[in-house]
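> when you get a sec, could you give me coordinates for this:
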Amino acid sequence: MNSSAISPGGVGGALAGLAKAQPEAPFLFYRNSRGHFRWWSYATASAFLDRAGLGEERLSAKGVVVEREAVELLGEFLRLAMGEDSHPPGVAELAGTEPGAPRDIWISWRALTAPDERALARWAILTGAAILVEPGPALHPELFVWARPTVVSGTVEELGLLAGEVESLAPRFLRRRWLRQRGERLRLVLVEGSPAPEALGQVGERWRSLLPDCTAGIEPLVRVAR
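Okay, the predicted model is just below:
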């Protein structure tokens, strides 16, 4: 679903439609206990929701055995994203990508008990974005440069810290090209909290000075998610 329109019918309807239109497309990514990245397709996620959770020790969806740790992590993610309070007014104002453009990529690192993170999760599902679920105290810079997300969010302080950590990872040789490649897909930086206009400007200057040719929009999340 490479469209700027929000899918009708809520999260469940969006997943059902995507599972029918592109069942094997990657949807939810996670890192297992061995450090390997795995993913659920739309069909797997939809099958999990149809089952209403776990029924036996080894869950299988569409004949494929699914890791229990994935069920615990991604299943909880879907359950919270579908909650009745997961859609603060205004979140639909955040559009997805334009028709024909590559899908959005978003990294979810906060618990979905946080209202802003839950709203972003719902937006990502409704617009057909690919989601990488990596719980932690912060968005890890190595994960950022590996996944190269199109949308990133955080407070002014968190975004400043992430920019500094990404910069520290850049090699000396072909440094500018390396940074350009890591930021070429970034289209939107969402600033959480209640940032003053000058703070938004500082975030924009920091990220555009870090990532050559970066044209990402810098927007306050509160205007979108509240």
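
> and the helix or strand containing Thr44, what does it pack onto?
Element membership for Thr44 (DSSP states H and E) is helix 42-51. Packing partners of helix 42-51 (3 or more CB pairs under 8 Å, 6 or more residues apart in numbering; DSSP states H and E): helix 10-21, strand 26-31, strand 59-61, strand 64-66, helix 68-81. To be clear about C-beta, it is placed using only N, CA and C from the backbone, and glycine gets the same treatment.

> so how far is Arg180 from the residue of the chain positioned farthest from its centre?
Most distant from the centre of the chain: Phe173, at 30.3 Å, with distances by CA atoms, centre = their mean. Distance of Phe173 to Arg180, computed by CB to CB, to the nearest Å: 14 Å.

> and for Glu198?
Glu198 is 27 Å from Arg180, by CB to CB.

> show me this structure divided up by domain.
1-136, 138-226 (automatic domain parsing).

> between the helix holding Thr44 and helix 68-81, how big is the angle?
70 degrees (axes from the mean of the first three to the mean of the last three CA atoms, to 10 degrees).

> pLDDT of helix 42-51, averaged?
For helix 42-51, mean pLDDT is 82.

> lowest average confidence across the domains of the chain, which one?
When I compare those, domain 1-136 is least confident, with a mean of 77.

> looking at Glu198 and Arg180, which is more packed in?
Arg180 (14 against 8; other CB atoms under 10 Å).

> where's Leu112, which helix or strand?
Going by DSSP H and E, Leu112 is not in any helix or strand.

> can you offset everything so residue one is 30?
Fine by me, first position is 30 from now on; the one you just mentioned is Leu141.

> grab the nearest non-local neighbour of it.
Leu109 (3.8 Å; CB to CB, 6 or more residues apart in numbering).

> residue contacts, that neighbour?
By CB atoms under 8 Å, 6 or more residues apart in numbering, the residues touching Leu109 are 115, 141-142, 147, 150.

> try it again at 10 Å.
115, 140-143, 146-147, 150-151 (CB atoms under 10 Å, 6 or more residues apart in numbering).

> still on that earlier bit, dump the helices and strands packed on helix 71-80 to a markdown table, plus distance to Glu163.
Output for those, formatted as a markdown table (distance: least, CB to CB, whole Å):
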| stretch | distance to Glu163 |
| --- | --- |
| helix 39-50 | 20 |
| strand 55-60 | 6 |
| strand 88-90 | 21 |
| strand 93-95 | 18 |
| helix 97-110 | 9 |
